[in-house]
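Q: just a sequence and a predicted model for now, questions to come.
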Amino acid sequence: MLAIFTDLADWLTFILFGLSPNSKLGDAVHFFIEDTTKIFFLLVIMIYFIALLRASLNIERVRDYLASKNRFIGYLTGSIFGAITPFCSCSSIPVFLGFTSAGIPVGITMSFLLTSPLINEVAVLLLLSLVGWQITFMYVLVGMAVGILGGVFLDLIRAEKMLQPFALKAYQSATPVADLDGDSVAKPTLSFRERHDFAKNELWNIFSRVWKWVFIGVGLGAALHGYVPVSWLEGNLGDGQWWSVPLAVLLGIPLYSNATGVIPIMESLITKGLPIGTTMAFCMSAVAASFPEFILLKQVMTWKLLTIIFAMLLLSFTLVGWILNLVN
Amino acid sequence: MKQVKVLGSGCSKCVKTAELIKAIAAENEVPVNVEKETSAEVIMSYGVMSTPAVVIDEVVVHYGSIPDKKKIQSWF
């Protein structure tokens, strides 16, 4: 079904624009047209249908669910909810405080917040259509592992002691969920009309947020695809030299992107022969380790805790890269 | 005079919400005092997790999105 976008790109690039299939420009333009049309098409359809299914899941229900669960299942479910609940980074502070004041341990909350930018339905379906199910599976597994283990680690070092005083107080004087107002728990079942309205809104919200990332991501991917020779990447970084992984992670920090933008770059790097571990380390660092979002968290955390979390992320992405390069 | 607070970290949606409420209140000739509240601690005290949220006379009436016109009108 997706071959239609290849045909469209063939026609536009080689016939309408008259570019040669063997030229660098032709190659880059073809990649750009094929990927943008394909991604926008998939985005619209997927966001709408997934939102239809997800209409009755809101952050209040996630909180109530997590608060009532046993701690060890909590990290896993926190991470799963992080993957399936979309939310904008501008609400990470209220979400953090809402979870904390419901008595959910900091580690479980962070499992949720760390997994959330890394994995979402849009990213998963884009990966599936661009790089195949094996890499998609690996990406999801790694993303969830980072979220879960990160959360466990933060509770082990008693991260709550390093919160801002008012947040710590809210955690210690947490009210059990049953005492909170009941209307968020008992959400009435939604009619199809309400689901459709919700999905339409979601489509608009998510689309207006990610469209520019698609252009930037595919643009960079296309430039890589057309202008960086395969032999260069393969020859210089193809053996997964150990230092290339931490370097990729460091390069990812100033590149502030979201998962939608980074996936076309990932596709391009992999087809150019960059080892999967190095590619994954680079992409996850670009998505999850960004200064602007960390500075936001300063409102609820001390510098010490922020530094620990940042270092923990960089270290885990490096380890992920090394491990994947070794086993492949 | 109704005391309206718009809770949110200062994103564009919160600004839009506050403007919409002011405009509709003026249309209905209801005197209101609209404030924006950005402090994380205060937002937490209302138990709100998805912003923008609207508080009228200390009661949370809406959260999670820009409220639509009809809903705002029902408050006045």
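A: Looks like it arrived, so ask away. Numbers count the residues shown, from 1 in each chain, chains lettered A, B, ... in the order given.

Q: avg pLDDT for the helix or strand encompassing A:Ile4?
A: If you go by DSSP states H and E, A:Ile4 is part of helix A:3-10. The average pLDDT within helix A:3-10 is 86.

Q: quick one: which helix or strand includes the closest residue to chain A within chain B?
A: Of all residues in chain B, B:Met49 sits closest to chain A, at 3.5 Å by C-beta to the nearest C-beta. Any C-beta I mention is one placed from the backbone N, CA and C, and that applies to glycine too. Per DSSP H and E, B:Met49 falls between elements, in no helix or strand.

Q: ok, how many other residues are close to it?
A: 27 (other C-beta atoms under 10 Å in any protein chain shown).

Q: can you check A:Leu128 too?
A: A:Leu128, neighbours per other C-beta under 10 Å, totals 14.

Q: wait, isn't A:Phe99 in contact with A:Leu66?
A: Yes: counting by C-beta atoms under 8 Å, A:Leu66 is a contact partner of A:Phe99 at 6.9 Å.

Q: overlap of the contact sets of the two?
A: Shared contacts of A:Phe99 and A:Leu66, defined by C-beta atoms under 8 Å, 6 or more residues apart in numbering or on different chains, are found at A:Ile108, A:Phe112.

Q: follow-up on the earlier one: packing partners for the helix holding A:Ile4?
A: Here helix A:3-10 touches helix A:24-54, going by 3 or more C-beta pairs under 8 Å, 6 or more residues apart in numbering or on different chains; DSSP states H and E.

Q: which ones are touching B:Glu41?
A: Neighbours of B:Glu41 in contact, by C-beta under 8 Å, 6+ apart: A:Phe166.

Q: which of the three states applies to it?
A: At B:Glu41 the chain is in helix, as set by DSSP: H, G, I helix; E, B strand; the rest coil.

Q: which element is B:Val6 on?
A: Per DSSP H and E: B:Val6 is located in strand B:2-7.

Q: try A:Ala248
A: With DSSP H and E as the criterion, A:Ala248 is inside helix A:244-252.

Q: tell me the gap between that helix and the middle of its chain.
A: Centroid separation between helix A:244-252 and its chain, computed with C-alpha atoms, centre = their mean, to the nearest Å, is 18 Å.

Q: next secondary structure after the strand holding B:Val6?
A: Past strand B:2-7, the next helix or strand by DSSP H and E is helix B:12-27.

Q: got the contact list for that next one?
A: Against helix B:12-27 from outside (C-beta under 8 Å, 6+ apart): B:2, B:4, B:6-8, B:31-32, B:34, B:36, B:51-52, B:54, B:65-67, B:69, B:72-73, B:76.

Q: count of neighbours near B:Glu22?
A: No, residue B:22 isn't Glu; it's Lys. Counted by other C-beta under 10 Å, the residues lying close to B:Lys22 total 15.

Q: find the closest residue to chain B in chain A.
A: A:Gly98 (3.5 Å).

Q: how much space separates that residue from A:Trp211?
A: 29 Å (C-beta to C-beta, to the nearest Å).

Q: check B:Ile72 too.
A: 29 Å.

Q: can you tell me which residues in the stretch 1-150 of chain A are near chain B?
A: A:58-60, A:63, A:87-88, A:90-91, A:93-95, A:97-99, A:101 (C-beta under 8 Å from any C-beta of the partner chain).

Q: among the residues you listed, which ones are in strands?
A: Among the residues of the stretch 1-150 of chain A next to chain B, no member falls in strands (DSSP state E).

Q: now list the buried members of those residues.
A: Among these, those classed as buried by neighbour count (16 or more other C-beta atoms under 10 Å in any protein chain shown) are A:58-60, A:63, A:87, A:90-91, A:93-95, A:97-99, A:101.

Q: can you pull out the low-pLDDT segments for chain B?
A: Of all residues in chain B, none has pLDDT under 70.

Q: what parts of it come near chain A?
A: Counting by C-beta under 8 Å from any C-beta, chain B sits next to chain A at B:8-9, B:11, B:40-41, B:43-44, B:47-51, B:64-65.

Q: in these, find the pair that's most separated.
A: Using C-beta to C-beta, the residues of chain B next to chain A span at most 22.9 Å, a distance reached by B:Glu41 and B:Ser65.

Q: keeping just the C-alphas, turn the helix holding A:Ile4 into CSV.
A: Only the C-alpha atoms of helix A:3-10 are listed here, as CSV (Å, rounded to 0.1, in the frame of the first residue of the first chain):
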residue,chain,number,x,y,z
ALA,A,3,4.5,1.8,-2.5
ILE,A,4,2.1,4.4,-3.9
PHE,A,5,4.3,7.1,-2.2
THR,A,6,7.4,5.7,-3.8
ASP,A,7,5.6,5.9,-7.2
LEU,A,8,4.5,9.5,-6.4
ALA,A,9,8.1,10.4,-5.5
ASP,A,10,9.4,8.7,-8.7
